[in-house]
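Q: Here's my sequence, what's the structure:
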Amino acid sequence: MVSFNHLHLCMKFSLFENLKHTVTRMLSIFKLAVSEASATGRPKKIANTDALAFALYQHRSTRSTKKSVYDDFKSVLKCSYKTFVVSVNRVALLSMRLLLILMHLNRQTAHVVKYTDATDIPVCLKKNADSHKTMKNLAAFGRSSKGFYYGLKMTLTRDHYGKMLALRFTKPGANDRDIFRKINTDIEGIIIADAGYVSEQLEKDMYREGKRWILIRPYKTMKKLMTEWQYRLYRGRFQIEFDFRNLKMFHGLITSLPRSVNGYLANYLHALTSFVLA
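A: Okay, here's the model as predicted:
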């Protein structure tokens, strides 16, 4: 009889090998291969493809920490935990380049209907904000539907099929309408947003005859008639909320554990890349 531990070990290595195969193929297709030599000219302890595969493994297997990934593969890594963390954070730039390419390709085959919305990205508990130093230059207090938080704001545009098209991280106080303009500059079709983006000027500025239309849900207090087709398009906006939920619950987007800015940014980029590849 196969023991549970043996079965669990096989599943871990199987997932890692599948991710490594995907990473290797993607880097080869998009010609993103980088030098495996370190600054001193010696080979890296963990190759870039392996480091990126380990990073995606953490976010695909719902591991909450790098330490748990390190413990899973300690027997084959043969390096210190510090070396492992440095390697995973190092390939965040590679992850970002891959993410940008995939979003660019998604725009070319995107559905005509798109959705834009923002979500909160806490970096620590609200009660710890005053003592939190790591992200003090990037994070700030903001307010979401769940109340006040200390962290960042992530604005995302996706199409009806679920393809991620544009992304931007800002401080919570950044103007939503300005962000909307910036991330959707090169996107065409019908772009739908919620009442937080209400602005006649925004709709006029972003309108492009025959190519782009902006549809913003009015406030409940605004006496505007809604057609049946507009109502149906508005109803589809819940899909982007599911994306935010999946990113946070199943891909580890939210964290308060990194001890460096690079650690936080690497976590966000690897989580998003994991989500897009999934």
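Q: Tell me how far residue 173 lies from residue 143.
A: Separation of residue 173 from residue 143 (C-beta to C-beta, to the nearest Å): 10 Å. C-beta: built from backbone N, CA, C; applies to glycine.
Q: ugh, typo on my part, it should be residue 52
A: Computed as C-beta to C-beta, the residue 52 to residue 143 distance reads 35 Å.
Q: In terms of neighbours, single out the busier of those two.
A: A direct count of neighbours by other C-beta atoms under 10 Å for residue 52 and residue 143 places residue 52 higher, at 29 against 11.
Q: ok, now which ones touch that one?
A: 23, 91, 94, 95, 270 (C-beta atoms under 8 Å, 6 or more residues apart in numbering).
Q: Of these, just say which sits nearest to residue 80.
A: Closest approach to residue 80 among the contacts of residue 52 (C-beta to C-beta): residue 91, at 17.5 Å.
Q: wait, the closest one sits on residue 47?
A: No: Residue 91 lies out of contact with residue 47 (C-beta atoms under 8 Å); the separation is 9.6 Å.
Q: And those two? Which one has more around it.
A: Legend: neighbour count by other C-beta under 10 Å for residue 91 and residue 47, higher for residue 91 (26 against 14).
Q: List just the nearest of the contacts of residue 52 to residue 205.
A: Set against residue 205, the nearest of these by C-beta to C-beta is residue 95 (32.7 Å).
Q: before we move on, which element is the closest one in?
A: In this assignment (DSSP states H and E), residue 95 forms part of helix 92-108.
Q: what are the C-alpha coordinates of that helix, in PDB please?
A: Coordinates of each C-alpha in helix 92-108 appear next as PDB, following Å, rounded to 0.1, in the frame of the first residue of the first chain:
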ATOM      1  CA  ALA A  92      10.400  38.700 -10.200                       C
ATOM      2  CA  LEU A  93      11.600  40.800 -13.100                       C
ATOM      3  CA  LEU A  94      11.400  37.700 -15.300                       C
ATOM      4  CA  SER A  95       7.900  37.100 -14.000                       C
ATOM      5  CA  MET A  96       6.900  40.700 -14.800                       C
ATOM      6  CA  ARG A  97       8.200  40.500 -18.400                       C
ATOM      7  CA  LEU A  98       6.300  37.300 -18.900                       C
ATOM      8  CA  LEU A  99       3.100  38.800 -17.500                       C
ATOM      9  CA  LEU A 100       3.400  41.900 -19.700                       C
ATOM     10  CA  ILE A 101       3.800  39.800 -22.800                       C
ATOM     11  CA  LEU A 102       0.800  37.600 -22.000                       C
ATOM     12  CA  MET A 103      -1.400  40.600 -21.400                       C
ATOM     13  CA  HIS A 104      -0.300  42.100 -24.700                       C
ATOM     14  CA  LEU A 105      -1.100  38.900 -26.500                       C
ATOM     15  CA  ASN A 106      -4.500  38.700 -24.700                       C
ATOM     16  CA  ARG A 107      -5.400  42.100 -26.000                       C
ATOM     17  CA  GLN A 108      -5.100  40.800 -29.600                       C
END
